[in-house]
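Engineer: this one's structure only:
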């Protein structure tokens with residue numbers, strides 16, 4: 001029997017590529033996102049191309065009850081999930097005090113609360129079975145604070161920290177947790193966050209290459225993997241332990257500043 005992967009944010013970008021990679025291996029899927037029409041397109045494509053079974057759950061994961069509703073839908077369908085891939089998330093550019101609070105609150109709910117709740121709901125089943133893989137999509141943004149994306153960077157710092165801690169707690173259970181830390185990637189994220197014209201996204205990696213790196217690391221049970229990092233990002237990451245924090249913060253802000261016309 002093929003392993004079933006549950007993937008959030010599977011209608012586009014890295015999530016859609018993760019779904020395709022898993023289907024290519026003959027694995028069945030549960031795909032979750034807000035837009036039913038896009039999920040249905042992914043379902044039709046993957047089922048016809050790879051002869052796998054794809055279950056669609058249309059759910060706004062930024063809602064407080066979303067994780068529980070997804071878990072209960074999976075249980076009601078009698079589906080045993082082996083891979084939990086928490087990919088859904090979004091960001092937003094701008095000064096913290098000027099951004100709409102409703103957007104940042106939804107970001108925290110999706111990036112942090114729903115991801116954590118899904119881990120908490122599925123992990124007991126994984127541990128009881130003695131097998132399972134979790135892939136949490138974080139970001140290289142988790143490695144330092146992010147002026148002009150303060151809340152987004154903070155949420156991803158949480159995701160990496162949580163994932164690393166859970167990985168250690170689960171040692172010896174047969175269950176692993178992997179954090180994927182992409183750099184700038186060609187997805188809807190840049191457009192939705194207002195970052196498409198920034199220095200950071202001028203040389204974005206392909207969603208496929210980032211998804212493949214994360215999927216392979218998950219199967220190998222690695223603690224974390226960095227993928228899609230541009231040369232300026234590599235320099236910045238290498239400087240984090242040594243450079244004065246104020247200097248690093250100015251550089252991060254410059255990379256994320258939207259040029260004026």
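Structural biologist: That came through, no problem. This structure is a prediction, so every number in the text was calculated from the model and none was measured.
Engineer: only C-alpha atoms from now on, for both contacts and neighbour counts.
Structural biologist: Fine.
Engineer: got a list of what residue 132 touches?
Structural biologist: Taking Cα atoms under 8 Å, 6 or more residues apart in numbering, we find residue 132 in contact with 82-84, 126, 174-176.
Engineer: and the furthest pair within those residues?
Structural biologist: For those, with distances taken as Cα to Cα, the pair at the greatest spread is 84 and 174 (14.2 Å).
Engineer: between those two, which is the more surrounded one?
Structural biologist: residue 84 (24 against 15; other Cα atoms under 10 Å).
Engineer: what are the bridge partners for the more buried one, then?
Structural biologist: In this structure, residue 84 bridges to residue 6, residue 134 when assessed by DSSP bridges.
Engineer: that one is in contact with residue 3, isn't it?
Structural biologist: No: applying Cα atoms under 8 Å as the test, residue 84 and residue 3 come out as separate, 10.7 Å apart.
Engineer: how far off centre is the longest strand along the chain?
Structural biologist: Ranked by residue count and defined by DSSP state E, the top strand of the chain is strand 175-182. Once both centres are worked out by Cα atoms, centre = their mean, to the nearest Å, strand 175-182 turns out to sit 10 Å from its chain's centre.
Engineer: could you give the mean pLDDT of that strand?
Structural biologist: For strand 175-182, mean pLDDT rounds to 98.
Engineer: same thing with stretch 19-27?
Structural biologist: Stretch 19-27 carries an average pLDDT of 98.
Engineer: which of the residues in it are buried?
Structural biologist: Of all the residues in stretch 19-27, those buried under the rule 16 or more other Cα atoms under 10 Å are 19-23, 26-27.
Engineer: go through the protein and flag its longest helix.
Structural biologist: Longest among the helix segments of the chain by residue count, using DSSP state H, is helix 150-169.
Engineer: from the contact counts, what lies against that helix?
Structural biologist: Identification of packing neighbours for helix 150-169 by 3 or more Cα pairs under 8 Å, 6 or more residues apart in numbering; DSSP states H and E yields helix 101-108, strand 132-137, strand 175-182.
Engineer: in that helix, what counts as buried?
Structural biologist: Buried residues in helix 150-169, counting neighbours by 16+ other Cα under 10 Å, are found at 150-160, 162-164, 166-167.
Engineer: hey, where'd the helices end up in this protein?
Structural biologist: Under the criterion DSSP H, the chain contains helices at 13-24, 36-50, 66-76, 101-108, 115-129, 150-169, 188-193, 207-220, 231-239, 245-256.
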